[in-house]
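Q: just the structure for this:
(one chain, ligands or ions: 1)
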Amino acid sequence: MRIPLRQMIDLGRHMRRKKRAGEKYFPLVLMLEPLHACNLACIGCGRIVEYKDTIRDQMALEDALGSAQEADAPIVSICGGEPLMYKHIAPLTQRLISEQRRHVMICTNAILLERFVKQVAPSPYLSFNLHIDGMRETNDRVLARKGHFDIVVKMIKMLKERGYRVQTNSTIYRETGADEVEELIRFLGGLGVDGMLVTPGYHYQVLTNDDLYMTSDEMPYKFQRVRKLADDYKLINTPLYLDFLVGERDLLCSPWTTVTRNPRGWKGPCYLITNGHYETFKELHAATDWEYYRTKQDIRCKDCRLHSGFEGTVALDFGKNLKDSWRVVRHYLA
Ligand code: SF4
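A: Below you'll find the model as predicted:
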């Protein structure tokens with residue numbers, strides 16, 4: 001299975017509970033960024049640009065745990081910055097799992113993994129999302145660290161041997177050819193990863209290096225190749241989101257399904273663009289015209305294909321169209 005069964009069941013239960021309670025705008029995933037500091041300086045990273053003034057700040061452990069309760073999402077993706085540099089990463093992970101029964105995903109560049117696995121044992125509620133943006137040459141150039149590709153490969157093998165669930169997260173930039181994307185998927189499949197997320201890199205608010213990012217016109221060709229591999233390799237992207245990347249269907253955005261909390265507060269309206277930071281999730285919710293962003297009216301939404309906003313729509317629409325829903329189920333069960 002591409003997604004753990006328990007996670008799928010918990011997500012389904014959560015959506016039914018919220019809908020029964022009459023809630024329309026509720027989170028499915030909390031993007032928890034306890035810090036923005038990183039041991040890399042990737043050329044496509046918006047966080048180290050946007051948060052350069054607060055790059056040394058870290059959330060208190062109780063704040064991080066409290067924000068998971070506030071969002072009440074079944075999945076907590078701990079990202080950043082590099083989350084393994086967060087001083088409370090081990091107790092945060094353990095307590096989110098043991099006290100709150102959240103599904104925890106750690107999005108990491110893998111450099112500090114050996115230290116972390118000495119502290120936190122495998123769990124059905126824990127998975128790693130390792131950052132790898134291409135084959136050796138491309139990855140090491142984009143991440144600006146020679147030897148990073150080899151570290152990730154070593155860490156995938158180590159995690160698999162020790163019984164952890166391992167996924168990968170790859171951003172595809174303009175310079176990454178379709179052949180290389182295919183090579184990467186086959187390579188990661190050969191390493192036995194449990195899931196692969198492949199997303200387009202596109203320009204947004206704080207980034208200036210336009211040459212690096214794909215426009216929406218450039219995405220279809222590369223993602224047609226990805227879609228062809230989705231039956232044989234463990235891609236996590238849903239078939240409906242891949243249709244969207246290929247340009248064969250439109251999707252509305254659901255930014256409230258993936259909310260972001262960081263040392264400055266609740267970031268809104270979405271993971272990418274920032275109108276402000278709010279002290280509580282309630283304030284973020286009250287300050288945001290979700291329908292405006294759902295319908296992508298903002299100029300900053302123009303080229304956006306962010307998986308979380310659009311996969312959130314796929315999740316919320318599950319069951320509305322039987323054919324689409326069956327495609328999603330079949331994809332995840334494969
Ligand atoms: S379309 Fe993209 S930029 Fe616009 S609200 Fe959704 S995720 Fe944010």
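
Q: distance check, D72 against D303.
A: Distance of D72 to D303, computed by Cβ to Cβ, to the nearest Å: 32 Å. C-betas here are computed from N, CA, C, even on glycine.

Q: now do I236
A: Using Cβ to Cβ, we find I236 at a distance of 22 Å from D303.

Q: where exactly do the strands run in the stretch 1-150 of the chain?
A: Using DSSP state E, counting those that start in this stretch, the strands assigned to the stretch 1-150 of the chain run over residues 29-32, 75-78, 103-108, 126-131.

Q: this structure against the ligand: which residues are in contact?
A: Within the chain, the positions near the ligand by Cβ under 6 Å from any ligand atom are 253, 255, 269-270, 272-273, 293, 296, 298, 300-301, 304, 306, 309.

Q: mind redoing it with 5 Å?
A: C253, P255, C270, L272, I273, Y293, K296, C301, C304, L306, G309 (Cβ under 5 Å from any ligand atom).

Q: JSON lines for those residues, including neighbour count, pLDDT and secondary structure?
A: Below are the residues of the chain next to the ligand laid out as JSON lines (neighbours: other Cβ atoms under 10 Å; pLDDT from 0 to 100; DSSP: H, G, I helix; E, B strand; the rest coil):
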{"residue": "C253", "neighbour count": "23", "pLDDT": "98", "secondary structure": "coil"}
{"residue": "P255", "neighbour count": "27", "pLDDT": "97", "secondary structure": "helix"}
{"residue": "C270", "neighbour count": "28", "pLDDT": "96", "secondary structure": "coil"}
{"residue": "L272", "neighbour count": "21", "pLDDT": "90", "secondary structure": "coil"}
{"residue": "I273", "neighbour count": "20", "pLDDT": "91", "secondary structure": "coil"}
{"residue": "Y293", "neighbour count": "24", "pLDDT": "97", "secondary structure": "helix"}
{"residue": "K296", "neighbour count": "17", "pLDDT": "95", "secondary structure": "coil"}
{"residue": "C301", "neighbour count": "21", "pLDDT": "91", "secondary structure": "helix"}
{"residue": "C304", "neighbour count": "21", "pLDDT": "87", "secondary structure": "coil"}
{"residue": "L306", "neighbour count": "20", "pLDDT": "89", "secondary structure": "coil"}
{"residue": "G309", "neighbour count": "25", "pLDDT": "93", "secondary structure": "helix"}
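
Q: quick revisit: of I236 and D303, which one has the most company?
A: Neighbours were counted for I236 and for D303 using other Cβ atoms under 10 Å; I236 has more, 21 against 16.

Q: which residue is the nearest non-sequential neighbour of the more buried one?
A: Counting by Cβ to Cβ, 6 or more residues apart in numbering, G195 is the residue found nearest to I236 once chain neighbours are left out, at 4.3 Å.

Q: what number of residues lie near the one you found?
A: By other Cβ under 10 Å, 22 other residues sit near G195.

Q: swap in the one 5 residues further on?
A: Other residues near P200 come to 24 when the count uses other Cβ under 10 Å.

Q: if I pick it, what's in contact with it?
A: By Cβ atoms under 8 Å, 6 or more residues apart in numbering, the residues touching P200 are T171, I172, M214, M219, K222, F223, L245, R305.

Q: from the residues you listed, which would you call buried?
A: Applying 16 or more other Cβ atoms under 10 Å to the contacts of P200, the neighbour count classes T171, I172, M214, M219, K222, F223, L245, R305 as buried.

Q: quick one, which of the contacts of P200 has the minimum pLDDT?
A: Checking pLDDT across these, the minimum falls on M214 at 77.

Q: using the three-state scheme, assign K157.
A: State at K157, reduced to three classes by DSSP: H, G, I helix; E, B strand; the rest coil: helix.

Q: all helices of the stretch 201-334 of the chain, in order?
A: Taking DSSP state H, counting those that start in this stretch as the criterion, the stretch 201-334 of the chain contains helices spanning 219-229, 239-246, 281-287, 290-294, 307-316, 322-333.

Q: columns distance to L184 on top of those helices, output as a markdown table?
A: Below are those laid out as a markdown table (distance: least, Cβ to Cβ, whole Å):
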| stretch | distance to L184 |
| --- | --- |
| helix 219-229 | 10 |
| helix 239-246 | 16 |
| helix 281-287 | 36 |
| helix 290-294 | 31 |
| helix 307-316 | 17 |
| helix 322-333 | 20 |
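
Q: out of these, which is closest to S123?
A: helix 322-333 (20.5 Å; Cβ to Cβ).

Q: now the closest one: how far from the chain's centre is it?
A: The chain centre lies 21 Å from the centre of helix 322-333; the measure is Cα atoms, centre = their mean, to the nearest Å.
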